[in-house]
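Participant: The sequence isn't on hand, but the structure is:
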């Protein structure tokens, strides 16, 4: 063999050995994601010892300490200078379960019972918040959306008045694709938007009518969310012109109010989804007297960094919220809302994916930030705080992969992209899943507004590409209808309830493990893209 050929052969052998080494290294990283590790992390995070992981509690202290210990053990660096924590300043306003909420018509007076008929609170920082005899106006969906040629407040002065409105948006009620986005909920359908718009219009108070289908969850979820404390970002409180009362009423209560006003409930709410709808005076007044408990406090995002190689100053972020709803006496004997699926599963996945990247010995080009955020259950506050105070420049952030509520029902042929078509990152998910003989499907229930209900949305709002990839519904053994029915059943029976607890006897981890490996491969592809 000539010297030239010998050099060529040695060079090819070196390349083959290098490729084999990389493939072996990558396989080791994939194989490090295991059911045993995921199960262990979830069992700890969702244990009673962590007290439901509510922000600003002992449960938070134990949670963030566990995350810091695990990230450090894996070998990641602190994401905030020499600290794994990013402090989030909050205002905590506790619910006044004895608040007086009175509604009067000429026919009847209603003294609404907290939790049974209504829930609510105030973002005002005064110890006492009162208003009397505020005129009530039904404003349909309470939407002002110029791009959809829709304004429920047009030519209407609601300053000092109380607005009563429906959740979701007109497209949901009619399934008319020419109204907003048809059955797919838009941001205008979210309850958070409706309160914000009512405040912008100068209303004194706002009441949302709860309907299970339109809200995407039963009344019990609303009860649980408003029965204890609400948090707000301390440096992002709305002005004193904000609402004095943000509230929900049950469907049954709303129907009684309409009857007392001499209005047909079904006909009136149906008219709200038609173009040309005009607000309706209810011939009623609202009064409220609230004893407010205000506390300035703090919580923490947890940030851990795995540096990249050739593009170290560019960042991919994995997000999952560590928080849940803590302890709530309204549930009776079992008062701890452990949040095992929501979102101990996603938080455990953060740790497993971090371990997988550490196994690669920094072969990815871009840096990876593992961000466990607080206060998702309070309105995406932790992720919003990060976008307002980024640890690394948003313009250098190439993408966000969000994980929230992973698969406990077994292997699926698919995974779901919530908000499919809204991000340049979709293609990475499609490519990785196709390689595995699986496929991507859009959100099967877009009317629930899932795109606006998890932490990726905070980043999408400021222009960072995001991917909210979640469990599929096409179960390998039972099919799509079974998978969708199981998801619906789980939401009805367990969402934001003490029954969302760790249950290894009933959980099937095989799908979760496969999905977490997909999250890792997608992140590796993004972090290594030219």
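Facilitator: Nice, thanks for sending it over. Note that this is a predicted model, so its numbers are computed, not measured. Numbering: from 1, shown residues only.
Participant: buried stuff in the host helix or strand of residue 459?
Facilitator: If you go by DSSP states H and E, residue 459 is part of helix 456-461. For helix 456-461, burial by neighbour count (16 or more other CB atoms under 10 Å) applies to 456-460. For every residue, glycine as well, the C-beta is placed using N, CA and C.
Participant: Can you list phi and psi of the most centrally placed residue in the chain for me?
Facilitator: Nearest residue to the geometric centre of the chain (CA atoms, centre = their mean): residue 454, 2.2 Å. Dihedral angles of residue 454 (phi, psi; degrees, to the nearest 10) stand at phi -140, psi 170.
Participant: Just give the number of residues close to the residue nearest to it when sequence neighbours are not counted.
Facilitator: Leaving aside its chain neighbours, residue 454 sits nearest to residue 404 (4.6 Å; criterion: CB to CB, 6 or more residues apart in numbering). By other CB atoms under 10 Å, 23 other residues sit near residue 404.
Participant: Residue 404 and residue 129, how far apart?
Facilitator: 33 Å (CB to CB, to the nearest Å).
Participant: Under the pLDDT cut-off, which ranges of this structure? List them.
Facilitator: 1-22, 237-241, 361-362 (pLDDT under 70).
Participant: Domain parsing of it, as residue ranges.
Facilitator: The chain breaks down by automatic domain parsing into domains covering 27-90+298-404+414-469, 97-291.
Participant: Highest mean neighbour count out of these?
Facilitator: Highest mean neighbour count of the domains of the chain: domain 27-90+298-404+414-469, a mean of 20 (counted as mean count of other CB atoms under 10 Å).
Participant: Now do the strands in the stretch 401-530 of the chain.
Facilitator: In the stretch 401-530 of the chain, the segments counted as strands under DSSP state E, counting those that start in this stretch are 414-417, 439-442, 466-471.
Participant: For residue 91, find the nearest of those.
Facilitator: Comparing those against residue 91 with CB to CB, the closest turns out to be strand 466-471 (27.4 Å).
Participant: mind listing what the closest one pairs with, with the direction of each?
Facilitator: strand 397-402 (parallel), strand 414-417 (antiparallel) (DSSP bridges).
Participant: Can you tell me which of the ones you listed is nearest to residue 173?
Facilitator: strand 414-417 (24.4 Å).
Participant: Distance from the chain centre to the closest one, please.
Facilitator: Relative to the centre of its chain, strand 414-417 is centred 17 Å away, using CA atoms, centre = their mean, to the nearest Å.
Participant: ok, residues contacting it?
Facilitator: Strand 414-417 has contacts (CB atoms under 8 Å, 6 or more residues apart in numbering) with 426, 429, 433, 438-444, 467-474, 515, 518.
Participant: cool, stretch 83-90 as well?
Facilitator: With CB under 8 Å, 6+ apart as the test, stretch 83-90 has contacts from 55-56, 64, 67-68, 71-72, 78-80, 231-235, 296-304, 374-375, 381-382, 385-386, 389, 391.
Participant: Filter those residues down to the ones in strands?
Facilitator: 78, 231-233, 296-304 (DSSP state E).
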